[in-house]
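Asks: Sharing a model that was predicted from the sequence below.
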Amino acid sequence: MESLVVECLRCGSHRQADDSPLRKASPECHRCGYVGWAPVADLTERDRRALRARPLERRRLRLA
């Protein structure tokens, strides 16, 4: 199975993740403890700046 590089949405650190729905038992960032991740290839610099500028309590997944 291929692995992909994901980026922490809080601090920007990277890690390898399996490309499967059952990624990792402990998904916390080793650097900051945050649990929000996105594939590095899917994020633009604009997205990164917008996410990091937003307070943690306002970073929520909005479902339709």
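Replies: Nice, thanks for sending it over. Note that the structure is a prediction, hence the values are computed from the model and not measured. Numbers count the residues shown, from 1 in each chain.
Asks: Contacts only, for residue 50.
Replies: Remark: with contacts taken as Cβ atoms under 8 Å, 6 or more residues apart in numbering, residue 50 is in contact with nothing. C-betas here are computed from N, CA, C, even on glycine.
Asks: For residue 44, see how far away the spatially most central residue of the chain is.
Replies: Centroid-nearest residue in the chain: residue 37, 1.5 Å away (criterion: Cα atoms, centre = their mean). As judged by Cβ to Cβ, to the nearest Å, residue 37 and residue 44 stand 16 Å apart.
Asks: returning to what we had before: neighbours of the closest residue to the residue nearest to the centre of the chain other than its chain neighbours, how many?
Replies: Take residue 37 and drop its neighbours on the chain: the residue closest to it by Cβ to Cβ, 6 or more residues apart in numbering is residue 6, 4.3 Å away. Number of residues near residue 6 (other Cβ atoms under 10 Å) recorded here: 23.
Asks: May I see the buried residues of the host helix or strand of residue 6?
Replies: Assessed by DSSP states H and E, residue 6 sits inside strand 3-8. Residues of strand 3-8 classed as buried: 6-8 (neighbour count, 16 or more other Cβ atoms under 10 Å).
Asks: Switch these over to a markdown table; also include distance to residue 33 and pLDDT.
Replies: Output for those, formatted as a markdown table (distance: Cβ to Cβ, whole Å; pLDDT from 0 to 100):
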| residue | distance to residue 33 | pLDDT |
| --- | --- | --- |
| 6 | 15 | 90 |
| 7 | 15 | 91 |
| 8 | 9 | 90 |
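Asks: Which member of those residues is positioned nearest residue 58?
Replies: For the buried residues of strand 3-8, the residue nearest residue 58 by Cβ to Cβ is residue 8; the value is 17.0 Å.
Asks: can you tell me which residues contact the nearest residue to the closest one once chain neighbours are set aside?
Replies: Distance criterion Cβ to Cβ, 6+ apart; nearest residue to residue 8, sequence neighbours excluded, is residue 29 at 4.2 Å. Residues near residue 29 by Cβ under 8 Å, 6+ apart: 8, 10-11, 13, 15, 35, 37.
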